[in-house]
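> Quick one, fold the following:
(2 chains)
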Amino acid sequence: MKHLLSAADLSKDQTLQILDTAEQMHEVQHREVKKLPALRGRTIVNLFFEDSTRTRSSFEIAGKWLSADVINVSAKGSSVSKGESLRDTVLTVAAMGVDGLVIRHHASGAPHQVAQWVDAMVVNAGDGMHEHPTQALLDAYSMRQRLGDLDGRHVAIVGDLTHSRVVRSNLILLKTLGAHVTLVAPPTLMPSGIADWAKDEGFDTSYDLDDVLPHVDAAMMLRVQRERMSGGFFPTAREYTVGYGLTRQRLKVLPEHAVICHPGPMNRGLEITADAADEARSLILDQVSAGVAVRMSVLYHLLASSEGAEN
Amino acid sequence: MSRPDSALPSASAPSLAPPSGRVVLSASDISRALRRMAHEVLEHNKGATDLVVLGIPTRGVALAQRLVDALADVEGTDVPVGALDVTMYRDDLRQQPIRTAHATQIPASGIDDKVVVLVDDVLYSGRTVRAALDALGDLGRPRAVRLAVLVDRGHRELPIRADHVGKNLPTAKSERVHVRLREHDQADEVRIVEGESA
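Sure thing, here's the model as predicted:
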């Protein structure tokens, strides 16, 4: 495995290896000296063509805790804003001798393209509405911490499926790990043609959250991405909450052992109420802290050895 | 996610042991060697005060637990035991395929101002011990660090020596020392296998 562009790049063994290593990396977070020398002498550039505080800082911390030199380049204030093409930007950065590029781009497929232009290792840190493999890994990591093996577990992914890049990576990764997924969304936010795809891929779709919720081991609430919505996908925020929000009433039907996930940032009161976000079953803060550990593990697996991973 | 301090990583490494080669330490030899090492550790430390025993995965962890059991038999006190993974501190990461990290578990009492006894199965080039010393430095500041190994096979590449040795075993570089422990391999024995690259 040279790059991590899609959750589909990972076999089950590789996924488990990354999650297991992340568990050891997580322990570093509780140390006084948060530093491992594994990537000493390696240089990683975080190329962010789209704003993201959470993902960028988590990649930055991950690289630094592994002793890599990490540089952040954001489109704003760089030559990208002067009209330089993606290819030229990437080749310029690569020519400086970097070992790894972590890329976030608003265009789906940009990291795949970049991986063909450079020798450096490329990690997709979110491309358009396409994929976000490290988010899926940290979701799986957080769920695994609480639920154990995800094989045979039932996960509901609820909300704005159309505009989410998290959902595609999660579907692929959860399937790799043997979990069963039900996609729940209002018809306007259910991508067209998904029913046929769902059938082929072996997961379910539903428009009725109340029907699905009592049978899940995990409820993954997606953010309603109002900034990506050009039209009216639902009449009012209130109506969305009534139909698809994780409300106080719905918490009562969620099984006791089930966990609540949200990739953040949350619209409290819209897709998730404060009660649900802050309750003991919520993994939302665990997900943030797992983000660093999982990204450390990914960078370690891609960059620590010049010969690549075992599998 | 926190773990109980006393819990050690489960056996995970595959058994390497082919039935070839010659046995140089039997189960009773290993048991006697550990008992002797326990006595040596206590004698040198003048008791079990401030001792912490840390095993280097994989087989060092099982040996550390056995050493602690032997210390308890002799002295009647429980010495804190843990595991110290050195994967991230190795100097050959770039030359090797990716190594999977094992757990590092430090007893709740910590290692600051303690006498840490590092335990490994075989002492060879000394590079694992060097990595372990680096790893320890990131975890705290022990008063002293001592090294206990079941087998010292020579061929050091760094100025490192063991304080407590189960058996000194002069070997050729072409030979390989296989330590089998019942926690991982269903048997206790040490074999030398000829003609394998080390």
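> right, and B:Val68 touches B:Val81 too?
Yes: B:Val68 sits in contact with B:Val81 when judged by Cβ atoms under 8 Å, with a separation of 4.4 Å. For glycine as for every other residue, the C-beta is placed from the backbone atoms N, C-alpha and C.
> Now the common contact residues for those two.
B:Val53 (Cβ atoms under 8 Å, 6 or more residues apart in numbering or on different chains).
> Give the next helix or strand downstream of the longest helix seen in chain B.
Longest helix in chain B, counting residues (DSSP state H): helix B:27-45. As assigned by DSSP states H and E, the chain's next helix or strand after helix B:27-45 is strand B:51-55.
> For the longest helix of chain B, what does the pLDDT average out to?
Taken as a whole, helix B:27-45 has an average pLDDT of 97.
> which parts of that helix are buried?
Neighbour-count burial for helix B:27-45 flags B:29-30, B:33-35, B:37-38, B:41-42, B:45 (criterion: 16 or more other Cβ atoms under 10 Å in any protein chain shown).
> contacting residues for residue 55?
Looking at chain A here, since you left the chain open. So A:Thr55 contacts A:104, A:125-126, A:132, A:134-135, A:291 (Cβ under 8 Å, 6+ apart).
> that's the wrong chain, I wanted chain B
Contacts of B:Gly55 by Cβ under 8 Å, 6+ apart are B:8, B:61-65, B:81-84, B:118-120.
> ok, and of the residues you listed, which contact chain A?
Residues of those in contact with chain A (Cβ under 8 Å from any Cβ of the partner chain): none.
> Of those residues, which is the nearest to A:Pro214?
The closest of the contacts of B:Gly55 to A:Pro214 turns out to be B:Leu8 (Cβ to Cβ; 39.5 Å).
> Double-check that A:Leu181 belongs to a strand.
I think there's a mix-up here, since residue A:181 is Val and not Leu. Yes: the assignment for A:Val181 (DSSP: H, G, I helix; E, B strand; the rest coil) places it in a strand.
> out of everything not next to it in sequence, what's closest to it?
A:Phe203 (4.2 Å; Cβ to Cβ, 6 or more residues apart in numbering or on different chains).
> any idea how far the one you found lies from A:Leu174?
8 Å (Cβ to Cβ, to the nearest Å).
> and the closest residue to chain B within the stretch 151-300 of chain A, what element?
Relative to chain B, the nearest point of the stretch 151-300 of chain A is A:Tyr300 (7.5 Å; Cβ to the nearest Cβ). Assigned by DSSP H and E, A:Tyr300 belongs to helix A:284-303.
> buried set for that helix?
Neighbour-count burial for helix A:284-303 [16+ other Cβ under 10 Å]: A:284, A:286-287, A:290-303.
> Quick one: list the elements packing against it.
With contacts taken as 3 or more Cβ pairs under 8 Å, 6 or more residues apart in numbering or on different chains; DSSP states H and E, helix A:284-303 sits against helix A:12-28, helix A:53-65, strand A:100-105, strand A:121-127, helix A:133-147, strand A:259-261.
> would you turn these into TSV with mean pLDDT?
Formatted as TSV, the helices and strands packed on helix A:284-303 follow (pLDDT from 0 to 100):
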stretch	mean pLDDT
helix A:12-28	94
helix A:53-65	94
strand A:100-105	95
strand A:121-127	95
helix A:133-147	95
strand A:259-261	95
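> Just send these back as JSON lines, with distance to B:Leu181 too.
What follows is the helices and strands packed on helix A:284-303, written out as JSON lines (distance: least, Cβ to Cβ, whole Å):
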{"stretch": "helix A:12-28", "distance to B:Leu181": "22"}
{"stretch": "helix A:53-65", "distance to B:Leu181": "33"}
{"stretch": "strand A:100-105", "distance to B:Leu181": "39"}
{"stretch": "strand A:121-127", "distance to B:Leu181": "38"}
{"stretch": "helix A:133-147", "distance to B:Leu181": "29"}
{"stretch": "strand A:259-261", "distance to B:Leu181": "38"}
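> Return the residues of chain B in contact with chain A.
Checking chain B against chain A by Cβ under 8 Å from any Cβ, the hits are B:1, B:85, B:87-89, B:93-98, B:100-104, B:134, B:138-140.
> From these, keep the buried residues only.
For those, buried by 16+ other Cβ under 10 Å: B:85, B:87-89, B:93, B:98, B:100-104, B:134, B:138-140.
> which residues in the stretch 101-250 of chain A form helices?
Using DSSP state H, counting those that start in this stretch, the helices of the stretch 101-250 of chain A run over A:110-117, A:133-147, A:166-176, A:194-201, A:209-212, A:237-244, A:248-253.
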